[in-house]
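In: sequence and computational prediction follow.
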Amino acid sequence: MRKPSQRSLQLYSGRSHRPLAEEIAAHLGVELGDSGLRDFANGEVHCRFGQSVRGADVFIIQPHTHTATSSVNDSIMEQLIMIDAAKRASAKRITAVCPFYGYSRQDRKSEGREPITAKLVTDLLAAAGIDRLISIDLHSGQAQGFFNGPVDHLTAMPVLLDYLRGQATGDLVIVAPDAGRVKVAERFAQHLKADLAFIYKRRLKESGNAARAQEVIGEVAGRHCVVIDDMIDTAGTICAAAEILVKRGATSVSAMATHGVLSGPALDRLNDAPLDKVVITNTLPPPSGANTKKIEVLSVAPLVAGALSAVFDSTSVSQLFGGQNQG
C-alpha cells in the first residue's frame, strides 16, 4: 500500500528573539508553533511541542544572544533541548536557524591552549540531531566547514544595500574597519559603484588584545564614508574608525553591521562618536535604551523566510543572493 507524501513545514522559536520568528512566520504564511518551553525552579529548561512533528520539516529559530534574564549559553542550551525534543518526536528533518551564531569569533586558535568554540557549538548542534544549519553573516565563512552537512550561509547584504541605495549621496566611500573586512567592503563598493578604503590597525601587546586605528588607506577627505562590519559588540572598532575618518577630513561617517550585539559600553560610545547613523539588522533583539535617531534597525525576516522556503521546496538558496552568500 502506498500513501502520498504529505510534507509539512513547521516553524518553532526559542525565547531569545520571538518577534523575529513571528515576522518570519508571517512572511511564510504559516503559524509559529507552540514550543511549550518552561523553566523549572532550579533553572532547567523543559520543552514539549504543542503539535505533532512526526514526519515534518522542522525549523527551530534561535539567535544565540544574551538578554536581561539569560546568557548566550542559555540560548544555545535551549535550542539544543528543542532539537532533541523534535528528533525524539520523529521529525523528518530538523534545521537549526541561528540568525546570530554564538561563539562565531572563536573559530581558530590564535594562541596555544585555546579552544575552537565555534566548532564545539556546531558539534553540540549535530549531536542534538540537526540535519541542516542556517545562519547569517558568520564571522568567518570558513566556519561552514565545521558542520558535516548542508550549511546555508545567508548574508544581510541585500537588505543593507537596499537601504544604502535609498539613502546614499554622491561621493560615497565604503570603508572596512580593518584588513579582515576588506573583501566584504569591496563587494558593497562594487554593487554601489563606490570607492573603497580601509583602516589600518595595530594590536598593542601592552594593552592585551586591544587594537588602535593607525591610518586610513584610501581617499576620504570631503567624502561621505560608510563603515561596514559584520557585528558591533562593544563598538570600540567602529568608533575608532569614525574618529580617524573625521580627522582625515571625511564630510560624514555612518556605520552598518548585520549583528548589533551592543555589549557593555557600546550604546554610550556610539552616542558620543562622530557617527551620523548606525544601521543594524534584527538578527538580535533591538537594544533597549538605544538612541533611535542614531540607531536604525532593518529587518532580515523576508530574507530568512525566502531561504527557509527554498530549503523546504528543495530549490537553490544561493540563487536568492546571486551567489553572494558563499564567502
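Out: Thanks, I have it.

In: what about the closest residue to His27 other than its chain neighbours, is that helix, strand or coil?
Out: Excluding the flanking residues, the one nearest His27 by C-beta to C-beta, 6 or more residues apart in numbering is Ala305, at 3.6 Å. Heads up, the C-betas are built off the backbone N, CA and C, glycines and all. When classified by DSSP: H, G, I helix; E, B strand; the rest coil, Ala305 comes out as helix.

In: which residues in this structure form helices?
Out: Secondary structure of the chain by DSSP state H: the helices cover 18-28, 72-88, 117-128, 157-167, 182-192, 236-247, 266-272, 301-313.

In: which one of those lies closest to Tyr103?
Out: Tyr103 lies closest, by C-beta to C-beta, to one member of those: helix 117-128, at 4.1 Å.

In: and the closest one, what does it pack against?
Out: Contacts defined by 3 or more C-beta pairs under 8 Å, 6 or more residues apart in numbering; DSSP states H and E place helix 117-128 against helix 72-88.

In: what's the mean pLDDT across the helix it packs on?
Out: Here helix 72-88 scores 98 as its mean pLDDT.

In: quick check: pLDDT value at Gln319.
Out: For Gln319, the predicted pLDDT is 87.

In: could you give the number of residues near the spatially closest residue to Gln10 that is not a sequence neighbour?
Out: In space, and not counting its chain neighbours, Gln10 is closest to Ala56: 4.6 Å by C-beta to C-beta, 6+ apart. Residues lying near Ala56 (other C-beta atoms under 10 Å) number 22.

In: for Gln6, see how far away Ala56 is.
Out: 10 Å (C-beta to C-beta, to the nearest Å).

In: before we move on, what about Lys247?
Out: Plainly put, Lys247 is 63 Å away from Gln6 if you go by C-beta to C-beta.

In: who has more neighbours, the two?
Out: Higher neighbour count among Lys247 and Gln6: Lys247, with 12 against 7, using other C-beta under 10 Å.

In: pretty sure Lys294 sits against Val278.
Out: Yes: if you go by C-beta atoms under 8 Å, Lys294 and Val278 touch, sitting 5.8 Å apart.

In: need the residues touching each of the two.
Out: Residues touching both Lys294 and Val278 (C-beta atoms under 8 Å, 6 or more residues apart in numbering): Leu270.

In: so for these two, which residue has more residues nearby?
Out: Val278 (28 against 17).

In: does that one touch Lys293 like I think?
Out: No: proximity of Val278 to Lys293 does not meet the contact threshold set by C-beta under 8 Å, at 10.4 Å.

In: I figured Val311 hits Leu133, correct?
Out: No: taking C-beta under 8 Å as the definition, Val311 is not a contact partner of Leu133, at 10.8 Å.

In: what touches both of those two?
Out: 95, 152.

In: report the rounded mean pLDDT for stretch 119-128.
Out: 98.

In: check stretch 40-57 too.
Out: If you average the pLDDT over stretch 40-57, you get 97.

In: buried stuff in it?
Out: 45, 47, 49, 53, 56-57 (16 or more other C-beta atoms under 10 Å).

In: what's the answer for stretch 182-190, then?
Out: So stretch 182-190, judged by 16+ other C-beta under 10 Å, has buried residues 182, 184-185, 187-189.
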